[in-house]
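Asker: my questions are about this predicted structure, shown below with the sequence.
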Amino acid sequence: MTSSSTPSTAPSGRSSAGQPLRKLTARGRDEAHRVASPLELFFDLCFVVAIAQAGFQLVHALAESHVGEGIMNYAMVFFAIWWAWMNFTWFASAYDNDDVLYRVVTLVQIAGVLVLAAGVSRAFEEHEFLAVWLGYAIMRLAMVAQWLRAARSARGAERTVALRYAGGVLLCQVGWLGLLLLPEGGRPWVFLVMAVAELCVPVYAERQAQTAWHPHHIAERYGLFTIIVLGETIAAATVAVKTGVDENDALTDLLPIATGGLLIVFAAWWIYFAVPIHGHLRSNRQAFLWGYGHYLIFASAAAIGAGLEVAVEEAVGKAHISTLAASAAVTLPTALYLLTLWALHSRHFKVGTAQQTVLPLTALVVICCTFLGEWAVLATGLVSTLAVVTGTALTARQAARDSAAKAAAPVS
C-alpha cells in the first residue's frame, strides 16, 4: 500500500512515452484525471476467475454440511487472492508507467492467479495446497520484481521503502511453505501467523516514508472490483436458479430466492457507492484500515453469491442442510457486508444518530431474517432495500435542512 512525501506532478516516464522501457518512478498524488487503465481492468477480470472457483467450492462445502472446513478453506484461498490483488493495486497507483516490462510482469501475475484458481478445488476437496501456493508464489515473486525495479530508480527513503517491501514479501513467501510442509492440523495456525505477517509488511515498509498513491484512483479501483465481485454474485445466483428451474421445475419455490437475491445485490451496490470515499483517504493510517477492511467486504460480497446458490440447492432438495442453515448462508454474509461497509465508508459521512444507525440496525434485522424459513432471502432483500430508501430519505432531509440554514444565514 502506498502515499508520497515528494509527489511528482506528472506520470512517470511520460517524457519518454513511446519507449518500450522507462524508469519506474513514482507518479504524483495530485495527478489530474487519473483513472483505471485497461491493464488494471483486465487484471481484475482475471482475478474474478479465482474468486468464482473459491465461491463454487464454498457452495459445495456448505451444501454438504462441511461448514467449518469450508469457511476456513474459503478464508485462506480468498486471502491469497485479495492480498495479491491489493498489493498490485496500490503499487500500480504509485508506480504504473505502462511500459513493456511493467505489462509483462503484470501478465505474469495474472498467470499466477490462474494457476491458483486451478488449484482451488484440490485445496477444498483433498486439502492439497501445492497449486494454490505455487500460483501465489508466482504473483508474489512478480511483485518482488516490481519493487526491486522501483528501488533501482529511487533514492534515499523511497529506495528503502521499496527494498523493505521486496524483502518482506520474499520472507513471507518462505513462511507460506508451512502450508505444504506441516501436518494438516497445523495449517490454520500457519495461515493466521502468515496473514498477520503479510499485513505487517506495508506498515513496516512505510514506517518512515510513504509511497505515492492516488486517493481517487484507489477509490475507483476498489469500487470497480466491488462491482465485478457483485456481478459474479449475480451470475452465480442466476445460473443456480436457471438450473433449479430446468432440472426441477421449481420456479414457484425459487422465485422468492431470486427476487430477494437481486434486491440484496442491488442494495449492496447502492450502499457502497452512496458516498465519495476518496476524500477520506488522506493518510496511510486511514488507507491501511480502509484497504485491509475490504477483505471482509469482498469476501462477504462473494459469499452472498455462494449463499444464494446454497439456498437454491436446499429449496430443490439437493443440499444436505436445513432451511435455517441455508438461510444463514445468505443472511450472515449480507449482515457482515453491511456492518463492514458502515465501519469503512458510511459512518464518516453520516450526520446524526438516525443516519448512523441505519446500517447497523439493518444488519441486525437481516440476521433475524435467518429464522423466517423459505422467506428468509426475500425478507433480507426487502430489508436491505428499505435501508437504501431510509438512508436516501434521511440524507435528502439533511440536505434540505442544510440548504435552508444556509439561505437563512446573514450575508457577511
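Answerer: Happy to help now that I have it.
Asker: distance check, the closest residue to residue 184 other than its chain neighbours against residue 396.
Answerer: Among residues not flanking residue 184 along the chain, residue 127 sits closest, at 5.5 Å (C-beta to C-beta, 6 or more residues apart in numbering). Where C-beta positions appear, they are placed from N, C-alpha and C, glycine not excepted. For residue 127, the distance to residue 396 equals 52 Å [C-beta to C-beta, to the nearest Å].
Asker: also residue 25?
Answerer: Residue 25 sits 46 Å away from residue 396, going by C-beta to C-beta.
Asker: and what of residue 294?
Answerer: Taking C-beta to C-beta as the measure, residue 294 falls 28 Å from residue 396.
Asker: looking at those two, which one has more neighbours?
Answerer: For residue 294 versus residue 396, neighbours defined as other C-beta atoms under 10 Å are more numerous around residue 294 (19 against 10).
Asker: would you mind measuring from the more buried one to residue 223?
Answerer: 10 Å.
Asker: how about residue 182?
Answerer: Distance of residue 182 to residue 223, given as C-beta to C-beta: 38 Å.
Asker: ok, now residue 90?
Answerer: For residue 90, the distance to residue 223 - C-beta to C-beta - is 15 Å.
Asker: next: residue 361.
Answerer: Distance from residue 361 to residue 223, by C-beta to C-beta: 25 Å.
Asker: try residue 140
Answerer: 25 Å.
Asker: more neighbours: these two, which one.
Answerer: The neighbour comparison of residue 140 against residue 223 (other C-beta under 10 Å) goes to residue 140, with 22 against 16.
Asker: residues contacting the more buried one?
Answerer: 84, 87, 112, 169, 172-173 (C-beta atoms under 8 Å, 6 or more residues apart in numbering).
Asker: check residue 103 too.
Answerer: Residues near residue 103 by C-beta under 8 Å, 6+ apart: residue 39.
Asker: returning to that earlier point: of the contacts of residue 140, buried ones?
Answerer: Buried by 16 or more other C-beta atoms under 10 Å: 84, 87, 112, 169, 172-173, out of the contacts of residue 140.
Asker: confidence score at residue 118?
Answerer: With respect to pLDDT, residue 118 has a value of 93.
Asker: repeat for residue 208
Answerer: pLDDT, residue 208: 82.
Asker: that one: which element?
Answerer: Using DSSP states H and E, residue 208 sits within no helix or strand.
Asker: so it touches residue 156, yeah?
Answerer: No: at 10.5 Å, residue 208 does not count as touching residue 156 under the criterion of C-beta atoms under 8 Å.
Asker: mutual contacts of the two, please.
Answerer: Contacts common to residue 208 and residue 156, judged by C-beta under 8 Å, 6+ apart, are absent.
Asker: mind listing residues that contact stretch 179-195?
Answerer: 72, 75-76, 79, 127, 129-130, 132-133, 172, 175-176, 178.
Asker: go again using 10 Å as the cut-off
Answerer: 72-73, 75-76, 79-80, 83, 123, 127-130, 132-134, 136, 172-178, 295 (C-beta atoms under 10 Å, 6 or more residues apart in numbering).
Asker: are any of the residues you listed buried, and which?
Answerer: Applying 16+ other C-beta under 10 Å to these, the neighbour count classes 73, 75-76, 79-80, 83, 123, 129, 132-134, 136, 172-173, 176, 178, 295 as buried.
Asker: which parts of the stretch 1-150 of the chain are helices?
Answerer: Under the criterion DSSP state H, counting those that start in this stretch, the stretch 1-150 of the chain contains helices at 38-63, 67-95, 100-118, 120-125, 130-153.
Asker: residue closest to the middle of the protein?
Answerer: With distances taken as C-alpha atoms, centre = their mean, the chain has residue 298 as the residue nearest its mean C-alpha position (3.2 Å).
Asker: from what I can see that one touches residue 223, true?
Answerer: No: counting by C-beta atoms under 10 Å, residue 298 does not reach residue 223; the two are 11.7 Å apart.
Asker: so where's the stretch 201-350 of the chain uncertain?
Answerer: Across the stretch 201-350 of the chain, the ranges flagged by pLDDT under 70 are 278-279.
Asker: residue 289: neighbour count?
Answerer: By other C-beta under 10 Å, neighbour count at residue 289 equals 11.
Asker: is it true that it touches residue 344?
Answerer: Yes: applying C-beta under 10 Å as the test, residue 289 and residue 344 come out as touching, 7.6 Å apart.
Asker: chain center to stretch 54-66: distance?
Answerer: Centroid displacement of stretch 54-66 relative to its chain, using C-alpha atoms, centre = their mean, to the nearest Å, is 20 Å.
Asker: which stretches in the stretch 151-300 of the chain count as helices?
Answerer: For the stretch 151-300 of the chain, the helices defined by DSSP H, counting those that start in this stretch cover 156-175, 178-181, 187-205, 215-248, 251-272, 284-315.
Asker: between helix 187-205 and the last one, find me the angle.
Answerer: Read it as helix 284-315. For helix 284-315 against helix 187-205, the angle by axes from the mean of the first three to the mean of the last three C-alpha atoms, to 10 degrees is 150 degrees.
Asker: what angle separates helix 284-315 from helix 215-248?
Answerer: Helix 284-315 runs at 10 degrees relative to helix 215-248, counting by the same axes, to 10 degrees.
Asker: mind listing what's buried in the helix or strand just after helix 284-315?
Answerer: The C-terminal neighbour of helix 284-315 among helices and strands, as given by DSSP H and E, is helix 323-344. For helix 323-344, burial by neighbour count (16+ other C-beta under 10 Å) applies to 323, 325-344.
Asker: by contact count, what packs against helix 323-344?
Answerer: Helices and strands touching helix 323-344, by 3 or more C-beta pairs under 10 Å, 6 or more residues apart in numbering; DSSP states H and E, are helix 38-63, helix 67-95, helix 215-248, helix 251-272, helix 284-315, helix 352-368, helix 376-408.
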